[in-house]
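**Q** sequence? don't have it. structure:
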Ligand SMILES: Nc1nc2c(c(=O)[nH]1)N[C@H]1C(S)=C(S)[C@@H](COP(=O)(O)OP(=O)(O)OC[C@H]3O[C@@H](n4cnc5c(N)ncnc54)[C@H](O)[C@@H]3O)O[C@H]1N2
Ligand code: MOO
């Protein structure tokens, strides 16, 4: 058995440098920029009014001042600005260079074309040219693009971006007991749930997943499925990883030339995890128990998919305060399903008493995985522990 950290390093080492593609900005949500977006203009491009009101000279307050024109967003005022003058101005309009301040219309008294200002206060209400960003500024966040990032890149006047190609992930679930959701299970059969979860997790991490038809517990069936996963950047198998007579993944993968990086690690749940390389694809063999598969996907598959896109691996643990005493741990790192509760300072974390790795309903109640190191001594309520948010 190898440690979780050694296994993670080996799994992340399976990633190749990302291929890139050029796409329209409006398709770029959730994508990883592979080259910086470079601002093609300065924002704001001119000193802009932050309010609806009047542009004027601070030195001439409180007036009276003569209103000699209007500036609106997109329609600048381009005439004379003699002493004692002001212009009507609207939010977003360029402020003529002669004026150093905009006063809100709420504090202005206007009679005909003459204004006086009651109490202008401190705020100049002008957004200075370039106060947001300048032409040539480079933007490349180390995370998937968010809607607000798309707004920023659009404002930079950049219409297409260079992103990492989404890794193609083949998902291979199998077992004679499995039927598809919606089918009528025969005696002894259950509904396949892992493939749908693992595909969703792959998509969440930025991949383009495809679920293969369920494999049967025969070497021929598995070989067929591996053949169908040709061209995938990553093949994720689910189940058949353990030591039972029907657990054939390791054998078939080895026959097909898989170079195994490891098999079995010091982790609960998820001991029978395997990883390696098959031809040009990385391969990850997740255990079949549903909670184990999902926990392993969070710890290994999603980080690998992120690294394949040039992103940080994650997830980063956070701190919480233990809500109750816990016994000493064995020689495997334990990820306990737990509930978080808001508190003053750090949140409190309450691990479930039942940690059965087949109970999806319990997993649905959990919002964190409490991390207990291998050989951790007994812990008392009130101690700080690490967790991963779910
Ligand atoms: N003698 C031993 N038995 C087991 C060991 C062991 O070390 N020695 N390890 C246990 C652990 S830990 C786990 S985890 C499981 C994992 O085994 P496999 O990866 O071989 O998974 P399967 O046997 O194929 O299935 C386990 C369990 O999960 C259900 N399953 C499988 N695929 C799906 C799916 N797509 N959707 C829903 N449920 C699925 C399957 O029906 C089984 O109930 O092995 C332990 N045994
Ligand atoms: O991965 Mo198994 O679920 O450790 O019990």
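**A** Yes, it's here. Note that the coordinates shown come from a computational prediction; the quantities given were computed from them, not determined experimentally. Numbers count the residues shown, from 1 in each chain. Ligands and ions are numbered 1, 2, ... in the order given.

**Q** Only C-alpha atoms from now on, for both contacts and neighbour counts.
**A** OK.

**Q** Count residues in the vicinity of whichever residue of the stretch 51-200 of the chain sits closest to ligand 2, would you?
**A** Residue of the stretch 51-200 of the chain nearest ligand 2, by CA to the nearest ligand atom: residue 194 (12.8 Å). A count of neighbours around residue 194, defined by other CA atoms under 10 Å, yields 24.

**Q** so it touches residue 175, yeah?
**A** No. Here residue 194 does not reach residue 175: they are 11.6 Å apart, not a contact under CA atoms under 8 Å.

**Q** so where is the stretch 51-200 of the chain shaky, pLDDT-wise?
**A** Residues of the stretch 51-200 of the chain meeting the criterion pLDDT under 70: none.

**Q** Now do the strands in it.
**A** Ranges of strands within the stretch 51-200 of the chain are 53-56, 65-71, 85-89, 101-104, 108-111, 114-117, 126-127, 138-139, 160-164, 168-173, 178-179, 190-191, based on DSSP state E, counting those that start in this stretch.

**Q** Including distance to ligand 1 and mean neighbour count, could those strands go into CSV?
**A** Output for the strands of the stretch 51-200 of the chain, formatted as CSV (distance: least, CA to the nearest ligand atom, whole Å; neighbours: other CA atoms under 10 Å):
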stretch, distance to ligand 1, mean neighbour count
strand 53-56, 64, 26
strand 65-71, 64, 19
strand 85-89, 64, 24
strand 101-104, 63, 24
strand 108-111, 69, 14
strand 114-117, 72, 18
strand 126-127, 56, 21
strand 138-139, 41, 16
strand 160-164, 29, 21
strand 168-173, 5, 26
strand 178-179, 7, 19
strand 190-191, 6, 16
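
**Q** in stretch 235-254, what's buried?
**A** Within stretch 235-254, the residues scored as buried using 16 or more other CA atoms under 10 Å are 235-242, 246-250, 252-253.

**Q** Looking at the residues you listed, which are in strands?
**A** 235, 236, 237, 238 (DSSP state E).

**Q** Return the member of those nearest to ligand 2.
**A** For those, the nearest to ligand 2 is residue 238 (11.3 Å; CA to the nearest ligand atom).

**Q** and that closest one, bridged to which residues?
**A** Counting by DSSP bridges, residue 238 forms beta bridges with residue 173, residue 286.

**Q** Let me see the contact set for it.
**A** 171, 172, 173, 174, 194, 195, 285, 286, 287, 288, 293 (CA atoms under 8 Å, 6 or more residues apart in numbering).

**Q** change it to 10 Å
**A** Applying CA atoms under 10 Å, 6 or more residues apart in numbering to residue 238 gives the contacts 171-175, 194-195, 198, 249, 273, 284-290, 292-294.

**Q** Could you do residue 317 as well?
**A** Neighbour list for residue 317: 369, 370, 371, 385, 386, 387, 388, 389 [criterion: CA under 10 Å, 6+ apart].

**Q** ok, back up a step: between the strands of the stretch 51-200 of the chain, which one is nearest to residue 265?
**A** strand 168-173 (20.9 Å; CA to CA).

**Q** Now do the strands in the stretch 201-350 of the chain.
**A** 208-211, 234-238, 259-263, 267-268, 274-278, 281-286, 318-322, 333-341, 348-351.
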